[in-house]
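Chemist: Need the 3D shape of this:
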Amino acid sequence: MSAQPATISFRDAVPVAIVAPAPAAVPEAVLPGLCTLLAATAHADPGRIAFVDPSDKADWSGRRPITWTYAAAAEIVARLANGLRQWRLAPASRVGLIAAAGSETLLSYLAIEAAGHIPCLLPLAWDEDTLVAGIQAAGIQAVLTQSRVAGVLPAERLCRAAFRYFGLRYLAAFGPDVPDGVISLDGMVLDGRGGPFAPGSAGLVTFAAGDPACPVYRPADALIAAIAVHLATARIAPGERILSLLAPADLRGLVTGLGAALVAGAGLETLGPFDAVRLAEALARPVPTHLVVPAALERNLAASRCPDGLHSITLAHRLPSRLPARLLAPDAGRGPRRVVDVLAFDETALLAASRADGDLTRLLADPHPSSPFPTLMDIVRDEDGRFAFRGHACKASPLRRGNPPETAADRWNVSPFAVKIFAGRATEITRR
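Modeler: The predicted structure follows:
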């Protein structure tokens with residue numbers, strides 16, 4: 001049997017301090033990040049559930065599952081951030097994070113941000129050659145990870161990568177059997193002390209289409225704007241639960257999971273390697289739930305009975321893809337109250353649409369699809385069917401080492417995706 005989750009609460013802990021910077025201390029582009037929202041909720045409601053680990057976590061990671069309150073998570077993030085600040089890294093350095101299911105990835109992301117650095121999301125599926133290429137392309141100087149994840153040994157893979165790229169100065173990992181030369185993040189938590197969070201976020205880096213040669217930079221306000229657009233469609237309330245099958249390895253996973261949870265003040269529960277039984281058990285718990293799954297699972301969900309507590313299902317599409325056949329639809333009697341499609345145009349933009357509010361295929365067939373928040377996201381389609389985006393939620397640009405990225409909100413970002421239209425409806429989105 002799997003270990004039972006432990007609930008950790010730091011109700012008696014001193015709230016994490018958020019230090020306001022002097023006006024000249026932080027560039028204009030640096031805005032409060034997700035770690036600031038974590039600390040604010042921890043101060044207002046310390047016992048609220050923030051993160052819930054998969055119940056079978058011990059089987060594939062060697063680490064017991066934990067249910068984290070907001071206060072406990074904020075305390076651990078503060079300790080990790082204080083430890084990262086001891087490393088000889090310039091402010092706003094790029095720090096890699098090999099993303100996997102579980103609270104370690106969530107806490108690490110927030111700690112990197114709280115330490116004043118830029119999180120760079122690295123997919124767990126990357127092999128050694130791909131990892132080296134991505135680290136070098138993004139100019140990453142340190143990487144956080146785990147020692148073991150479902151048969152993969154990312155910490156050992158990092159050690160081999162460090163021999164091949166001398167710009168990688170610090171390696172750190174959670175978990176048992178951390179390799180020699182890799183800093184133990186568990187030790188950093190146990191032996192460290194908390195401190196103030198950085199005054200703001202310097203943004204994040206992801207990789208377009210998972211290509212290690214294509215790092216993309218997104219400033220802090222662009223991330224918050226993308227989360228706001230998603231939440232306006234998904235409608236998640238404080239204290240509710242997001243149950244996600246997506247790892248925070250790209251913009252799609254980050255916005256619909258960790259980002260949505262912290263902005264809404266909700267809890268985030270993740271699942272590890274897919275197991276239908278574990279998913280059914282998690283869904284059966286009597287708590288208002290918003291399920292986030294890859295769009296490929298729509299047919300399976302449509303054939304299943306949804307529990308009463310399931311408020312919404314978000315189907316996350318990775319383009320190129322055929323557009324959904326609407327097998328799932330809101331059903332006041334049995335189904336979820338909302339079904340939301342999220343289309344990821346690589347790392348440029350996330351388009352969220354509720355099936356209760358209209359037909360996505362007709363929306364995308366429009367040359368200038370309507371947006372309820374045009375200042376956050378405006379969309380146009382050219383004669384060839386290619387989409388372009390502008391607005392605060394779409395401020396992203398290729399990261400070129402040594403050159404500051406261009407992230408103006410009024411600049412159109414042309415995506416490599418185009419739509420096929422038949423009988424006035426969009427049928428497929430292809431890559432050009």
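Chemist: how about the closest residue to R386 other than its chain neighbours, secondary structure?
Modeler: Nearest non-adjacent residue to R386, counting by Cβ to Cβ, 6 or more residues apart in numbering: A418, 4.5 Å away. C-betas here are computed from N, CA, C, even on glycine. What DSSP: H, G, I helix; E, B strand; the rest coil gives for A418 is strand.
Chemist: ok, A418 touching A388?
Modeler: No. The pair A418 and A388 fails to qualify as a contact (Cβ atoms under 8 Å) at a distance of 10.8 Å.
Chemist: Need the phi and psi values for the spatially most central residue of the chain.
Modeler: The residue lying closest to the centre of the chain (Cα atoms, centre = their mean) is L254, at 1.3 Å. For L254, the backbone dihedrals (degrees, to the nearest 10) come out as phi -70, psi -50.
Chemist: just L376 next, same as before
Modeler: The phi/psi pair for L376 (degrees, to the nearest 10) is phi -90, psi -40.
Chemist: Who is A426 paired with across the strands?
Modeler: I421 (DSSP bridges).
Chemist: do you know how far it is from V419?
Modeler: Shown here: A426 relative to V419, a distance of 5 Å by Cβ to Cβ, to the nearest Å.
Chemist: now do T270
Modeler: Distance from T270 to V419, by Cβ to Cβ: 32 Å.
Chemist: same deal with G167?
Modeler: 40 Å.
Chemist: which one of those two has more residues nearby?
Modeler: Comparing G167 with V419 by other Cβ atoms under 10 Å, the one with more neighbours is V419, at 20 against 10.
Chemist: which residues does the more buried one contact?
Modeler: Going by Cβ atoms under 8 Å, 6 or more residues apart in numbering, V419 touches L364, A365, R381, G385, F387, A426, E428, I429, T430.
Chemist: mind redoing it with 7 Å?
Modeler: L364, R381, G385, A426, I429 (Cβ atoms under 7 Å, 6 or more residues apart in numbering).
Chemist: helix, strand or coil for the last one?
Modeler: Put simply, I429 is strand when judged by three-state DSSP.
Chemist: which residues touch stretch 314-331?
Modeler: 234, 246, 252, 256, 290-295, 298-299, 301-302, 313, 335-345, 355-356, 360-361, 417, 426-431.
Chemist: Only the buried subset of those residues, as a PyMOL command please.
Modeler: Applying 16 or more other Cβ atoms under 10 Å to the contacts of stretch 314-331, the buried members can be selected in PyMOL as follows:
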select buried, resi 234+246+252+256+290+291+292+293+295+298+301+302+313+335+336+337+338+339+340+341+342+343+344+345+355+360+361+417+426+429
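Chemist: in the stretch 201-350 of the chain, which spans are helices?
Modeler: Using DSSP state H, counting those that start in this stretch, the helices found in the stretch 201-350 of the chain span residues 220-234, 251-254, 260-264, 276-284, 298-302.
Chemist: Determine which stretch of those helices is the most buried.
Modeler: helix 251-254 (a mean of 26; mean count of other Cβ atoms under 10 Å).
Chemist: same question for that helix, mean pLDDT?
Modeler: Helix 251-254 shows a mean pLDDT of 96.
Chemist: chain center to that helix, what's the gap?
Modeler: 4 Å (Cα atoms, centre = their mean, to the nearest Å).
Chemist: now do stretch 68-86
Modeler: Its chain's C-alpha centre lies 18 Å from the corresponding centre of stretch 68-86 when counted by Cα atoms, centre = their mean.
Chemist: Give the buried residues for it.
Modeler: 68-85.
Chemist: Quick one: mean pLDDT over that stretch.
Modeler: Averaging pLDDT along stretch 68-86 yields 96.
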